[in-house]
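Visitor: here's my sequence, what's the structure:
(one chain, ligands or ions: 1)
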Amino acid sequence: MGPIGVFDSGYGGLTILHQMRETLPQYDYLYLGDNARAPYGTRSFEVVYQYTLQAVRCLFSHGCSLVILGCNTASAKALRTIQQQNLPQMDSSLRVLGIIRPTIECIGQITRSRHVGIVATPGTIRSRTYDLEIAKVWPDIHLSSQACPMWVPLVENRQANSPGADYFIQDSLIRLMSQDSLIDTVILGCTHYPLLFPKIRQFLPAHVNIVSQGKYVALSLQDYLNRHPEMESRITRTSTCRYLTTEHPDIFSENATLFLGSPIQAEHIVL
Ligand code: DGL
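Guide: Numbering: from 1, shown residues only. Below is the predicted model of the structure:
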């Protein structure tokens, strides 16, 4: 038995972890941030896959039976290969889940116009994973995409509320909305973007829905555990959370406060 593993390239997955702990507070969690090698959003498929696989192996070695890739870039570029090629060679009872499918599943109930936009890192957009998954689940939905290479650095450099952020956020949203005037729903397809929510709201028309992933990922995990009692019974239940980082733990602890709103203590790990 062990905790639920949550992996992200850095801090962004903390927004997902936060929602999971709100929805499913009874479980133990082990968060791993590969901060020393973040960001992943501009890296190649091969590199993101190799880094993510190392992290997943690390979380398994710490007793996790279930690992959530709380990162869109890793979910887009590494999840399928890990599920199809690596997991069968490991213990077949271990599971790795991503955050793109749960996000997509909720979209069909939210959009009325069936015209949806997504903002995400260049890596996620280039992978076209959202396009492919939406076409499978909601073939009637038309998706427009916009890569936002500056948004993660704005958050990580604590510039989310600066006038400079206004320029980059507005510019990307104008580019997205000018692709399709019928868009009524915009997916925040990157774990950092909920921290830019007030500005994103300000620069989108009032009728446009903004979808933050955390709530939907948490509900999807709850549903998964209800449907898989054999996995649920392997998760320890003392409501704790440990944080591992490849960066210096003091740096992680300081910045994590920005994402979680309360202080935490992190431990250093080498992948
Ligand atoms: N957490 C990543 C995501 O959701 C963004 C950060 C990065 O580029 O590493 O795509």
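Visitor: how about the helices of the stretch 101-250 of the chain, start to end?
Guide: Listed in chain order, the helices of the stretch 101-250 of the chain (DSSP state H, counting those that start in this stretch) span 122-127, 129-137, 151-156, 163-177, 197-203, 214-227, 229-232, 249-260.
Visitor: could you dump those helices into TSV with mean neighbour count added?
Guide: (Each C-beta comes from the backbone N, C-alpha and C, glycine too.) Converted to TSV, the helices of the stretch 101-250 of the chain look like this (neighbours: other Cβ atoms under 10 Å):
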stretch	mean neighbour count
helix 122-127	22
helix 129-137	17
helix 151-156	22
helix 163-177	16
helix 197-203	15
helix 214-227	18
helix 229-232	12
helix 249-260	18
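Visitor: so which of those helices is nearest Leu143?
Guide: Closest of the helices of the stretch 101-250 of the chain to Leu143 is helix 129-137, at 5.2 Å (criterion: Cβ to Cβ).
Visitor: got a list of contacts for the closest one?
Guide: Helix 129-137 is contacted by residues 75-77, 100-101, 104-105, 107-108, 116, 118, 120, 124, 141, 143, 145, 187, 189 when judged by Cβ atoms under 8 Å, 6 or more residues apart in numbering.
Visitor: coming back round to it: figure out which of the helices of the stretch 101-250 of the chain is closest to Arg95.
Guide: Of all the helices of the stretch 101-250 of the chain, helix 229-232 comes closest under Cβ to Cβ, at 6.4 Å.
Visitor: how close does the nearest residue to Trp138 once chain neighbours are set aside get to Ile134?
Guide: Nearest non-adjacent residue to Trp138, counting by Cβ to Cβ, 6 or more residues apart in numbering: Gly108, 4.5 Å away. Gly108 sits 9 Å away from Ile134, going by Cβ to Cβ, to the nearest Å.
Visitor: who touches both of those two?
Guide: Common neighbours of Gly108 and Ile134 (Cβ under 8 Å, 6+ apart) are Ile141.
Visitor: would you mind listing what in the stretch 101-250 of the chain touches the ligand?
Guide: Residues of the stretch 101-250 of the chain lying close to the ligand by Cβ under 6 Å from any ligand atom are 121, 124, 152, 190-192.
Visitor: swap in 5 Å and give it another go.
Guide: Contact residues, the stretch 101-250 of the chain versus the ligand (Cβ under 5 Å from any ligand atom): 121, 152, 190-191.
Visitor: thinking again about what came up before, in a markdown table: the helices of the stretch 101-250 of the chain, plus mean pLDDT and distance to His18.
Guide: Converted to a markdown table, the helices of the stretch 101-250 of the chain look like this (pLDDT from 0 to 100; distance: least, Cβ to Cβ, whole Å):
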| stretch | mean pLDDT | distance to His18 |
| --- | --- | --- |
| helix 122-127 | 92 | 21 |
| helix 129-137 | 96 | 23 |
| helix 151-156 | 91 | 15 |
| helix 163-177 | 96 | 22 |
| helix 197-203 | 96 | 14 |
| helix 214-227 | 97 | 7 |
| helix 229-232 | 97 | 21 |
| helix 249-260 | 90 | 6 |
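Visitor: I'd like those helices as TSV, with distance to Gly70 appended.
Guide: Converted to TSV, the helices of the stretch 101-250 of the chain look like this (distance: least, Cβ to Cβ, whole Å):
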stretch	distance to Gly70
helix 122-127	13
helix 129-137	15
helix 151-156	14
helix 163-177	23
helix 197-203	18
helix 214-227	8
helix 229-232	17
helix 249-260	11
